[in-house]
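Visitor: I would like to see how this sequence folds:
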Amino acid sequence: MSHFQEQFKAGRHQLGKQPASYDKRNFKLSKYLLAPPPAAADWLKGSSWPMYANDTLGDYVEAAAGHMIGSWQSYIYPTAAPPTTAQIIQAYSGATGYNPSKPWTDNGTNLLSFLKYWRKTGVAGHKILAFMSIQPGNLTELQQAIWLFGAAMIGVALPLTAQGESQWTVPDGLQGNNAPGSWGGHCVPVGAYNDHAAAMDRNTVVTWGAALTMSDYFFQCYSDEAYAVLSQDWIDAKGLAPNQFDLKTLQADLAAL
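Guide: Residues are numbered from 1 along each chain as shown. Predicted structure coming up:
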């Protein structure tokens with residue numbers, strides 16, 4: 001049994017995401033003047049979701065990155081292979097110092113530190129261009145990030161009541177087993193939303209090798225950090241994203257700030 005599995009079984013784990021951290025220097029999505037997002041967007045169609053060793057390691061943040069890369073590629077480079085499990089574990093080692101021969105180093109990942117690693121070093125040969133913080137619980141910014149950049153990367157302080165659920169909804173009250181973080185810290189990409197869907201099915205996340213739905217209220221109650229992530233994998237050779245988002249225009253606007 002791995003160190004992660006032992007901690008998980010004993011209830012001493014933080015799943016795969018360490019407590020949220022903040023840096024006032026981070027570029028904030030709210031500072032960029034964005035048009036209201038459309039009522040629905042879905043960038044998860046046609047993608048597969050490897051487990052990426054989530055059942056044995058605390059590489060949840062790196063796995064979320066792997067799923068985002070695979071999803072972006074399915075639109076821009078549909079014949080490209082998604083990151084492998086070995087590459088995701090390699091990124092986990094590079095970002096955190098995890099050593100497979102030293103199982104006690106399997107302690108999860110700080111999301112903000114990982115985003116800096118992803119931008120500077122890359123994951124499976126893929127670097128991101130930039131990341132922008134989303135105000136936790138802000139649904140408009142969440143939708144803007146999904147619509148413009150193909151996904152949002154969020155940290156969630158999961159309650160014990162989320163275990164085994166196919167829908168992330170908020171039970172009555174936020175105490176006891178419903179309390180934020182009573183299960184541990186997790187990281188997932190949100191790749192779809194639909195304002196017209198039933199309240200419990202408004203958003204779709206990818207976790208543990210599968211897609212599940214998340215209510216708006218769950219995001220507002222349990223997300224402790226969130227980011228929009230801009231990747232070259234989301235931009236075609238003409239500089240356009242599948243939604244016709246223009247990278248050069250954004251770069252010019254950012255340079256003018």
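
Visitor: make it CA atoms for all contacts and neighbour counts henceforth
Guide: Fine.

Visitor: Which residue ranges of the stretch 51-200 of the chain form helices?
Guide: Listed from the start of the chain, the stretch 51-200 of the chain has helices (DSSP state H, counting those that start in this stretch) covering 60-76, 85-96, 111-120, 139-149.

Visitor: Please save the CA atoms from the third one in PDB.
Guide: Extracted in PDB, the C-alpha atoms of helix 111-120 (Å, rounded to 0.1, in the frame of the first residue of the first chain):
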ATOM      1  CA  LEU A 111      -1.900  24.600  -7.200                       C
ATOM      2  CA  LEU A 112      -0.400  28.100  -7.600                       C
ATOM      3  CA  SER A 113       3.100  26.700  -7.500                       C
ATOM      4  CA  PHE A 114       2.200  24.100 -10.000                       C
ATOM      5  CA  LEU A 115       0.800  26.700 -12.400                       C
ATOM      6  CA  LYS A 116       4.100  28.500 -12.300                       C
ATOM      7  CA  TYR A 117       5.900  25.200 -13.000                       C
ATOM      8  CA  TRP A 118       3.500  24.500 -15.900                       C
ATOM      9  CA  ARG A 119       4.300  27.900 -17.400                       C
ATOM     10  CA  LYS A 120       8.000  27.700 -17.000                       C
END
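
Visitor: rounded to a whole number, what's the mean pLDDT of it?
Guide: Mean pLDDT, helix 111-120: 96.

Visitor: cool, and stretch 58-67?
Guide: The predicted model assigns stretch 58-67 a mean pLDDT of 96.

Visitor: can you list the residues that contact it?
Guide: Contact partners of stretch 58-67, identified using C-alpha atoms under 8 Å, 6 or more residues apart in numbering, comprise 4, 15-17, 49-54, 82-83, 88-89, 91-92, 106-109, 111, 114, 123, 153, 186-189, 206-207.

Visitor: If we use 7 Å, what do you get?
Guide: 4, 15-17, 49, 52, 54, 83, 88, 91-92, 106-109, 111, 186-189 (C-alpha atoms under 7 Å, 6 or more residues apart in numbering).

Visitor: quick one on the thing from earlier: nearest to Leu158, out of the helices of the stretch 51-200 of the chain?
Guide: Closest to Leu158 of these, according to C-alpha to C-alpha: helix 60-76, at 13.0 Å.

Visitor: quick one, that closest one and helix 85-96 angle?
Guide: Helix 60-76 and helix 85-96 are oriented at 130 degrees to each other (axes from the mean of the first three to the mean of the last three C-alpha atoms, to 10 degrees).

Visitor: centre of the chain versus helix 60-76, how much separation?
Guide: In terms of C-alpha atoms, centre = their mean, to the nearest Å, the centre of helix 60-76 is found 9 Å from the chain centre.

Visitor: quick one: that helix to helix 139-149, angle?
Guide: Computed by the same axes, to 10 degrees, the angle separating helix 60-76 from helix 139-149 equals 50 degrees.

Visitor: orientation of helix 60-76 relative to helix 111-120 in degrees?
Guide: Here helix 60-76 runs at 40 degrees with respect to helix 111-120, directions being taken by the same axes, to 10 degrees.

Visitor: Only alpha carbons, please: show helix 60-76 as CSV.
Guide: C-alpha atoms of helix 60-76 as CSV (Å, rounded to 0.1, in the frame of the first residue of the first chain):
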residue,chain,number,x,y,z
TYR,A,60,-4.6,15.3,-8.6
VAL,A,61,-3.4,18.8,-9.8
GLU,A,62,-1.1,17.3,-12.4
ALA,A,63,-3.9,15.0,-13.6
ALA,A,64,-6.2,18.0,-14.0
ALA,A,65,-3.6,19.5,-16.2
GLY,A,66,-3.3,16.3,-18.2
HIS,A,67,-7.1,16.3,-18.8
MET,A,68,-7.0,19.9,-19.9
ILE,A,69,-4.2,19.3,-22.4
GLY,A,70,-6.1,16.3,-23.8
SER,A,71,-9.3,18.3,-24.1
TRP,A,72,-7.6,21.2,-25.8
GLN,A,73,-5.8,18.9,-28.2
SER,A,74,-9.0,17.2,-29.2
TYR,A,75,-10.1,20.4,-30.9
ILE,A,76,-6.8,21.8,-32.3
